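K.L.:
starting from these lines, generate the structure:
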Amino acid sequence: MTVIDRLRAALPGPADPGDPADRGNRTEHVAPHARARSAWRRGAAAGLVTGIASLLLVLVPTVIAWLIEPLATGTAWDAVGTGAALWLLTAGAHLMTGQVTLSLVPLLGLGLLVVVARLGAREAMVDVSTDGEHWCGLLPRSLVAALVAWWSTYAVVVAAAVALTTLGPFRVVVLSLLVPAVLVPVAGMGLALRSVVLDDPEVVGPRLGLARVPDAVRRGVRAGLWGAAALLGVGLVVVLALVALAWGEVSTISEQVGAAAFGEVVLLIAQVMALPNLALWAVSFVAGPGFQVVDGSSVTWAGAESGLLPMVPVLAALPQPGPFAWFAAVSSLGVVVVGGLVARRALAEVARLSRLRTKLAVAASACLTTALALGALDVLAGGSVGQFRLSSVGVPAGWLVLALLAELLLGAVVVVMRDAWRLRR
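P.N.:
Numbers count the residues shown, from 1 in each chain. Below is the predicted model of the structure:
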């Protein structure tokens, strides 16, 4: 199946009761520039709707909570500016208010915005003609025009949100706008095109230069991404278990915050959006580097150091200050086990009778992908929630990557060597 066949199957147009042959003749008589204009208009409209819908997901709850919260101060315009700023923060931008920098991005919220972008990009491609000249031999020019128009109007909404932040107390760090204006929409378009284009490597691969990527690297990517998701899942289970065990303290902090009914809902949603961040902290603890919430208050295998924590209910689930028993380090075996599972999935991508060196290379590539993926998530989402003692929150990304890679490789080597031993029996 070619790329064009996949596009036609994945992006069906409206049914036409006419004769198929007549419909084909009418399509051929449509001028290329007319198809491009139609695709541009549809893409522009879809991009505008996508951006506005994404913005409203954060803006509306923020404004409502602000207006009904009895302790809130300022006008409704302040609420609008704050809501726009929080949307940009959720999308990956960094904010400043005075000397305070906010750069802790809620990963689940960011993922939700990418999903919205994917849906919008798919909508921009619906009914777009796939006939005619191709751009760089990859995609029909009309489809490229629709996606470029979609991206352009989505970026307009990002610019409008930046303008709205001037109504509130926050200002946006200009360089960080690359994430909401580029990374999020490009990720959405990539996911929308994945099933259409990237699943046809025989046609698209050579055009993208994928043939120059080492075979071991390409075969290990899928297993490596699975490993990153598996480790985040393990971390999430740990976080939820700690919250359940400390539910009394969590409820007490929530009551002390004193938010109104809808404000409590917004606070709960904000904490749920940050659950993957907390899961990443748990993974870092299991791997060894640990994490810190405030300066001077870290949690590692050695124990938890005390410190004045922010009034965030979920943080009440953190371990009590004090040293941990020696077997806290045994938790790293969980990462070793995941490394073995990653290797098993990676070995499924190579021939059963492949050389040992090839299998080790593919397994190592998968482990490296897992470590780098989690390190990239920390770079994207970790950061600051204030100044002084709150200026560095989260995980040391470099140490996390190194620790994960060493422990994953240990499990992977064991599985590969066992596989080689079974073949020789």
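
K.L.:
can you list the weak-confidence ranges in the chain?
P.N.:
Within the chain, the segments meeting pLDDT under 70 span 1-36, 69-74, 127-141, 195-213, 257-263, 296, 306-311, 384-392, 425.

K.L.:
what's the longest helix in it?
P.N.:
Ranked by number of residues, the top helix in the chain under DSSP state H is helix 32-68.

K.L.:
what's the spacing between Val238 and Ala244?
P.N.:
As for Val238, its distance to Ala244 is 11 Å (criterion: C-beta to C-beta, to the nearest Å). (C-beta placed from N, C-alpha, C; glycine too.)

K.L.:
what about these two, which has more around it?
P.N.:
The residue with more neighbours, out of Val238 and Ala244, is Val238; 19 against 10, by other C-beta atoms under 10 Å.

K.L.:
so who does the more buried one touch?
P.N.:
Listed by C-beta atoms under 8 Å, 6 or more residues apart in numbering, the contact set of Val238 reads 279, 282, 286.

K.L.:
wait, isn't the first one in contact with Leu240?
P.N.:
Think Ala279. No. Counting by C-beta atoms under 8 Å, Ala279 does not reach Leu240; the two are 9.1 Å apart.

K.L.:
settle it for me: which of those two has more neighbours?
P.N.:
Set Ala279 next to Leu240 and count neighbours by other C-beta under 10 Å: Ala279 wins out with 23 against 15.

K.L.:
in which helix or strand would I find the more buried one?
P.N.:
Per DSSP states H and E, Ala279 falls inside helix 275-287.

K.L.:
can you name every helix or strand that that helix contacts?
P.N.:
helix 107-125, helix 215-245, strand 291-294, strand 297-300, helix 333-347, helix 356-381, helix 397-424 (3 or more C-beta pairs under 8 Å, 6 or more residues apart in numbering; DSSP states H and E).

K.L.:
okay, that helix in CSV with CA atoms only?
P.N.:
In CSV, the C-alpha atoms belonging to helix 275-287 read as follows (Å, rounded to 0.1, in the frame of the first residue of the first chain):
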residue,chain,number,x,y,z
LEU,A,275,1.0,13.1,38.5
PRO,A,276,3.4,12.1,35.7
ASN,A,277,5.9,14.6,37.1
LEU,A,278,5.6,13.0,40.5
ALA,A,279,5.9,9.5,38.9
LEU,A,280,9.2,10.7,37.3
TRP,A,281,10.4,11.7,40.8
ALA,A,282,9.6,8.2,42.0
VAL,A,283,11.5,6.7,39.1
SER,A,284,14.5,8.9,40.0
PHE,A,285,14.3,7.7,43.6
VAL,A,286,14.2,4.0,42.6
ALA,A,287,17.1,4.5,40.1
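
K.L.:
next, the angle helix 107-125 makes with that helix.
P.N.:
Angle, helix 275-287 to helix 107-125, by axes from the mean of the first three to the mean of the last three C-alpha atoms, to 10 degrees: 130 degrees.

K.L.:
compute the number of surrounding residues for Leu341.
P.N.:
For Leu341, the number of neighbouring residues by other C-beta under 10 Å comes to 17.

K.L.:
tell me the domain ranges of this structure?
P.N.:
Following automatic domain parsing, one gets these domains for the chain: 3-10+24-212, 215-424.

K.L.:
surely Gly383 is in contact with Asn277?
P.N.:
No. Contact status for Gly383 versus Asn277: not in contact, 10.2 Å apart, counting by C-beta under 8 Å.

K.L.:
shared neighbours, these two?
P.N.:
With C-beta under 8 Å, 6+ apart, Gly383 and Asn277 have common neighbours 104-105, 394.

K.L.:
narrow these to those in strands?
P.N.:
Under the assignment DSSP state E, the shared contacts of Gly383 and Asn277 contribute nothing to strands.

K.L.:
please report how far the nearest residue to Ala85 once chain neighbours are set aside lies from Leu57.
P.N.:
With C-beta to C-beta, 6 or more residues apart in numbering as the measure, Phe170 is the residue that lies nearest to Ala85, at 3.8 Å, once sequence neighbours are left out. The gap separating Phe170 from Leu57 is 18 Å, by C-beta to C-beta.

K.L.:
so those two - more neighbours on which side?
P.N.:
Ranked by neighbour count (other C-beta under 10 Å), Phe170 and Leu57 place Phe170 first, with 22 against 15.

K.L.:
contacting residues around that one?
P.N.:
Counting by C-beta under 8 Å, 6+ apart, Phe170 touches 81-82, 85, 95-97, 102.

K.L.:
between the residues you listed, which is nearest Val158?
P.N.:
Ala85 (12.2 Å; C-beta to C-beta).

K.L.:
contact partners for that closest one?
P.N.:
With the criterion set at C-beta under 8 Å, 6+ apart, Ala85 makes contact with 95, 161, 165, 168, 170, 172.

K.L.:
nearest to Ala420, of the residues you listed?
P.N.:
Top of the list for closeness to Ala420, among those and by C-beta to C-beta, is Leu95 at 52.5 Å.

K.L.:
is the closest one in contact with Thr101, as I believe?
P.N.:
Yes. The pair Leu95 and Thr101 passes the contact test of C-beta under 8 Å, sitting 7.3 Å apart.

K.L.:
okay, and the common contacts of those two?
P.N.:
Taking C-beta under 8 Å, 6+ apart as the contact rule, Leu95 and Thr101 both touch Val173.

K.L.:
out of these two, which sits in the busier spot?
P.N.:
Set Leu95 next to Thr101 and count neighbours by other C-beta under 10 Å: Leu95 wins out with 22 against 18.

K.L.:
on that earlier part again, need the helices and strands packed on helix 275-287 in CSV (columns: distance to Thr75).
P.N.:
What follows is these, written out as CSV (distance: least, C-beta to C-beta, whole Å):
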stretch, distance to Thr75
helix 107-125, 26
helix 215-245, 36
strand 291-294, 32
strand 297-300, 37
helix 333-347, 50
helix 356-381, 31
helix 397-424, 40
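
K.L.:
and of those, who's closest to Pro319?
P.N.:
Each of those was checked against Pro319 via C-beta to C-beta, and the shortest separation belongs to strand 297-300, namely 6.2 Å.

K.L.:
any idea how far that closest one is from the chain center?
P.N.:
Distance of strand 297-300 from its chain centroid, counting by C-alpha atoms, centre = their mean, to the nearest Å, is 26 Å.

K.L.:
show me what the longest helix of the chain is packed against.
P.N.:
So helix 32-68, by 3+ C-beta pairs under 8 Å, 6+ apart, packs with helix 76-90, helix 107-125, helix 141-164, helix 261-273.

K.L.:
any chance of a markdown table for those helices, columns distance to Leu48?
P.N.:
As requested, the helices and strands packed on helix 32-68 are exported to a markdown table (distance: least, C-beta to C-beta, whole Å):
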| stretch | distance to Leu48 |
| --- | --- |
| helix 76-90 | 16 |
| helix 107-125 | 9 |
| helix 141-164 | 4 |
| helix 261-273 | 25 |
